[in-house]
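>>> what's the 3D shape of this:
(3 chains)
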Amino acid sequence: MQRLKEVDVVVLGIGMVGSMVAKELAAAGYKVVGLERGEARFTVPEFQSPAIHDELRFAVRKALMQDNTREPVTFRNHASQVALPIRRWESFLPGTGLGGSMVHWNGQTYRFQANDFQLATRTRERYGRSFLDPDLTIQDWGVTYEDLEPHFDRFEYLLGTSGKAGNIKGQRQPGGDPHESPRSRDYPTPPQKELFQGALFRKAASSLGYNPFPQPSSNLSRPYTNPEGMKLNACVFCGFCERFACEHFAKSTPQTVILPVLLANPNFELRTGCQVQRINLDSAKKHATGVTYIDAVGREFEQPASLVITSMFALNNVRMLLLSGIGTPYDPVSGRGVVGRNYTYQTVSSAEAYFDQDVIVNPFMASGASGTVINDFAGDNFDHGGLGFIGGAYIGAVNSHGRPILYHPVPPNTPAWGKRWKQAVIKHYNHTVIIGVHGSSIAHRGNYLDLDPTYRDAWGQPLLRMTFDFPQNDVKMSAYLTAKAAEIGKAMGAKEVAGSPREGPYTTQQYQSTHNTGGTVMGDNPKTSVVNRYSQSWDVSNVFVIGASNYPQNASWNPTGTLGALTYWTIDALKNKYLKNPGRLVSA
Amino acid sequence: MARITRRSFVATVGSAGMVPAAALLAAGAPAVAPPPTSHAPGSSADSPGNPGSAQTVYLFFSAAEAHFIEAACERLIPADESGPGALGAGVPNFLDKQLGGAWGAGERLYRSGPWQPGTPSQGYQLPFTPAELFHTSLRAILRDLDAQNSPFALMSAENQDMYLESLESGARDLDGVPSAVFFDVLLKMTVEGFFSDPVYGGNRDMVAWRMIGFPGAYADYFETVDHHGVKFEREPMSLAQDGKGHVHTRPDIPATL
Amino acid sequence: MIAGSRLPLGAPKDVLLACALACALVSAPAAAAPAAAAPSAASKPGEAIPPCEACHGAHGEGMAAAHVPRIAGQSAEYLKKQLDDYAEGTRDNPVMRNFAKALSDQQRRTLAARYAAMRATPRPQATAPNAVQQARGHQLAYQGDEQRRVAACNSCHGPDGVGVLHAAPYLAGQSADYLTSALKSFQQDTRRNDAGESMRSVAKQLDDADIAAISGYFSSIQ
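Next comes the predicted model:
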């Protein structure tokens, strides 16, 4: 093992979060090393079409995703079962490589609402202490929406997100989401064009008294130059968004919004192909001395650093702390410990609306986020009294593609193969709208992450073990909301509407979402959180963990927008508090 | 959408004059399966306008395996009045090249043990690579059919469907592979071979894309997305076609960037 | 009529004459519009010369030296849109504007269809691109440029630049001088009829050497 020269900061994972942190700290004069497990890739040549428009390679075989021949996750629904490796990714698709998952995301860019950041307090206030099952371990974040608002704004302007505000400083804006928490100004670019499906949805939703609005999209509606000087182009609705990279410089990704600035700064050194094995601690286990990693050739290095930032994909952040012995691992039996606690996901379902032959949908024309949605059933935007659950979903015509291997909707009771299947595919392909229900995920004491006792990665380290099933709260929620989605489908004029609510047991064999959240929860109580409100480890004060792993539970919306805000918030604390005076920022 | 011409698809029939399966079980040798019988006599192999007539050179499947696969795939997605089925689209060729390549050898599959059957939520838990899964399953299937002196390709369509349903339901054990697992992979890969870009050797002449109106790999819709409810009319385009429209196949594209 | 208006770059005098003649012809309303019959490249003896042919040629081959593009085999939808845009001014060209404004919507459709149906005939190039330009043009066509933040031309313009229906016109075999003037007009915002400002975004990132490379490369594809 070779010991390298000490640097100020080592950043683990150069995805969006890592790029932002590294850029800011390098610009502030610190020497920063960025360690990325995967390879460097850029819009030219790696993301160019037509080669990138290959559904089999990228959507089915998952060419941009983490290689699970070397590093999968093991999974079981309940602690009474034996966890087995997820031998092929299906339900969630962790990214890898420079730029991380945001290279191939859908660009759906939401803000959580004020209520979400104080979910425990506000739920108790509104519905009473006994409303919730005691096994549900929801918590407040330790930060408020107001704390984060300027950082939401900054992140949206970094990306150039296309949308329509619904609430600017308390003033309701027509055409936007009336439920959104107040923002200081409108989105940096106007909404993307409305698709035909979106128009059908909008009219139907309005007729039912709901408030449809355009999905906020980081596939830009027009050319834009961000505050870093990065130019992005207009998205052309190619329908190869999620799981694919964008050839047009139109999707907001680290490559298009910030990496060129980061890579040009001599204070920053990028090392790719580096698999971090652990964060090293001193003998008292209270201070990190740096990290150990193995490079692509198999050589082991120690990189000493004053400050360690773990900004990897959420699941990998949790695993890194467990492998490093930072924080007490969570034990679901006793309920003690914190690392791995409150693992949550996303409760996704849909209603399929089948139309007559004269309704021509052209599903292949779409961006990843050119939908039309309502938030009337999201979060706590509706009265849950008597319903027996909390949480909600945004509901909308959010179809993002028509790629035929994975998209060929057929009505219920259609055989899975044969002539009748084939005829149904032909009949319905261009005449179906899928109404998505994107639901929150409540924290449960039995859903958690830890290290697997049996299976190892290619470097010999224990794999992360996931124990998860949908709590009854979320199953009830999904049934209720999917029925609402089906009503909208009927109001759209569909001949037949089939709702498929999410039911247990959770399966890893059907794609649902890559919104794996929790495990390094943030909060103001070290007994129930891993990091404080500044993303700083309670146990090792020179380790900061930034990721959706910090979320105490998952809200109704895609986590990325909120993660961007959390990142800028943390960067602010690093630059203006921690680095000026290293030490604990919050007393326990 | 271009109309599929009569000569460009093939009705499903078992090939006349088939050699019994057992006699064709020659391990390792690439097989050239006799082409389906109903193409126009004298048509050349592999001509773009006549996908059903193309001869597939099998590198993975033995001749006996290929005969089963051809007939089975054609039941999964049959030719009918709307156009070619799996056979006419070249799905057996797609399968052959995928299974004979890196995907078949276990690309993107975590292969370490120990192995347990697991719950449905936990997915595939067998040690087999896709190639091993197919060879193992097909060996058991062919042995079983041969013992009954009932080559699959010679069965009536109804009996073929019944046999496939028995695989699908998990009623059979295929030398340790639950038949439902094999069937599931076969069906998935058949759909892939039907709808993937023709660069991979299936979806010949983009017949599957024409069938549903999917335009393919060239996809700039900025203006057309405004034409709500108007059918999009354009020939489908492959990522591998050149300026003359000829598709250059390359079945071995890796499943990593 | 022509005095004071901006002509295509470097238009020689005989083109001016041809354009003047064409303008005179089109001033006679409706009479000059060709019938929507079977497309034929050349007009019959005795028939009034369609004004298009005077500059775009009897076979739609264009006039390279005058930066008049080849339009034979171009997408009818694209040609119709250009006529509409010329008339409206989002594509700025006073000569084409006059022609286009004089045509009814149906006449524009007819003309567009006529030229779309012509077979694009290969033409000898006045000057071939040099090896460096050829390589750079090929690179931009197939890969794009990360520093300049331009995607591969072919991603929208099709394999070998043959065009993609409803999306982008062919570039292959187009006049190099015309391609250069088109990119320049996007770069300078005098042409603003590109969907999503995509061509303006691209052109503003290119320098003169890149423009010459692209133009030379695509013009040399037969």
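
>>> Going by C-alpha atoms from here, please, whenever you check contacts or count neighbours.
Will do.

>>> Run the contact check for the host helix or strand of C:Lys81 versus chain B.
Element membership for C:Lys81, per DSSP states H and E: helix C:76-88. No. Residues of helix C:76-88 are not located near chain B by Cα under 8 Å from any Cα of the partner chain, the shortest gap being 11.5 Å.

>>> for that helix, what is the average pLDDT?
For helix C:76-88, mean pLDDT rounds to 95.

>>> for stretch A:567-576, same thing?
Stretch A:567-576 shows a mean pLDDT of 98.

>>> for chain A, what's the longest helix?
helix A:472-491 (DSSP state H).

>>> Following element in sequence after that one, please.
Next in sequence after helix A:472-491, counting helices and strands by DSSP H and E, comes strand A:496-500.

>>> and that next one, what does it pack onto?
Helices and strands touching strand A:496-500, by 3 or more Cα pairs under 8 Å, 6 or more residues apart in numbering or on different chains; DSSP states H and E, are strand A:347-354, helix A:472-491.

>>> Quick one: residues in contact with it.
A:349-355, A:411-412, A:482-483, A:485-486, A:489-490 (Cα atoms under 8 Å, 6 or more residues apart in numbering or on different chains).

>>> redo that, cut-off 7 Å
A:Ser349, A:Ser350, A:Ala351, A:Glu352, A:Ala353, A:Tyr354, A:Thr482, A:Ala483, A:Ala486, A:Gly489, A:Lys490 (Cα atoms under 7 Å, 6 or more residues apart in numbering or on different chains).

>>> swap in stretch A:261-277?
Under the criterion Cα under 7 Å, 6+ apart, residues A:19, A:23, A:26, A:29-40, A:291-296 lie in contact with stretch A:261-277.

>>> Could you check it and say which residues are buried?
A:262-263, A:265, A:267-277 (16 or more other Cα atoms under 10 Å in any protein chain shown).

>>> Can you tell me the closest non-neighbouring residue to the residue positioned nearest the centre of chain C?
Centroid-nearest residue in chain C, with Cα atoms, centre = their mean: C:Pro69, separated by 3.6 Å. Distance criterion Cα to Cα, 6 or more residues apart in numbering or on different chains; nearest residue to C:Pro69, sequence neighbours excluded, is C:Gly62 at 4.8 Å.

>>> my guess is the one you found contacts C:Glu53, does it?
No. C:Gly62 is beyond contact range of C:Glu53, at 8.5 Å (criterion: Cα atoms under 7 Å).

>>> out of these two, which sits in the busier spot?
Set C:Gly62 next to C:Glu53 and count neighbours by other Cα atoms under 10 Å in any protein chain shown: C:Gly62 wins out with 23 against 18.

>>> so who does that one touch?
Under the criterion of Cα under 7 Å, 6+ apart, the neighbours of C:Gly62 are C:Cys55, C:His56, C:Val68, C:Pro69, C:Arg70, C:Ile71.

>>> can you check C:Ala176 too?
C:Ser215, C:Gly216, C:Ser219.

>>> closest to chain B among those?
Looking at the contacts of C:Ala176 and their distance to chain B, the nearest is C:Ser219, at 14.0 Å (Cα to the nearest Cα).

>>> CA atoms only: put the longest helix of chain A into CSV for me.
What follows is helix A:472-491, C-alpha atoms only, in CSV (Å, rounded to 0.1, in the frame of the first residue of the first chain):
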residue,chain,number,x,y,z
GLN,A,472,-49.2,-1.0,5.4
ASN,A,473,-49.4,2.8,5.5
ASP,A,474,-48.0,3.0,2.0
VAL,A,475,-50.1,0.1,0.6
LYS,A,476,-53.3,1.9,1.8
MET,A,477,-52.0,5.1,0.4
SER,A,478,-51.3,3.5,-3.0
ALA,A,479,-54.7,2.0,-3.2
TYR,A,480,-56.4,5.3,-2.5
LEU,A,481,-54.3,7.4,-4.9
THR,A,482,-54.3,4.9,-7.7
ALA,A,483,-58.1,5.0,-7.6
LYS,A,484,-57.9,8.8,-8.0
ALA,A,485,-55.6,8.3,-10.9
ALA,A,486,-58.0,5.9,-12.5
GLU,A,487,-60.8,8.5,-12.1
ILE,A,488,-58.8,11.0,-14.0
GLY,A,489,-58.1,8.4,-16.7
LYS,A,490,-61.9,8.0,-17.1
ALA,A,491,-62.4,11.7,-17.3
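
>>> what packs against it?
helix A:196-207, strand A:347-354, strand A:496-500 (3 or more Cα pairs under 7 Å, 6 or more residues apart in numbering or on different chains; DSSP states H and E).

>>> Next, format those as JSON lines and append mean pLDDT.
Listed next are those as JSON lines, based on pLDDT from 0 to 100:
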{"stretch": "helix A:196-207", "mean pLDDT": "98"}
{"stretch": "strand A:347-354", "mean pLDDT": "98"}
{"stretch": "strand A:496-500", "mean pLDDT": "98"}
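
>>> Nearest to C:Val95 among the ones you listed would be which one?
helix A:196-207 (38.1 Å; Cα to Cα).

>>> Now render the helices and strands packed on helix A:472-491 as TSV, adding mean neighbour count.
Below are these laid out as TSV (neighbours: other Cα atoms under 10 Å in any protein chain shown):
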stretch	mean neighbour count
helix A:196-207	22
strand A:347-354	25
strand A:496-500	20
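
>>> Distance to C:Thr180 added to these, as a markdown table?
Shown next, in a markdown table, are these (distance: least, Cα to Cα, whole Å):
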| stretch | distance to C:Thr180 |
| --- | --- |
| helix A:196-207 | 37 |
| strand A:347-354 | 49 |
| strand A:496-500 | 53 |
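
>>> Export the contacts of C:Ala176 as JSON lines, with columns for neighbour count, secondary structure and pLDDT.
Output for those, formatted as JSON lines (neighbours: other Cα atoms under 10 Å in any protein chain shown; DSSP: H, G, I helix; E, B strand; the rest coil; pLDDT from 0 to 100):
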{"residue": "C:Ser215", "neighbour count": "28", "secondary structure": "helix", "pLDDT": "96"}
{"residue": "C:Gly216", "neighbour count": "28", "secondary structure": "helix", "pLDDT": "95"}
{"residue": "C:Ser219", "neighbour count": "25", "secondary structure": "helix", "pLDDT": "93"}
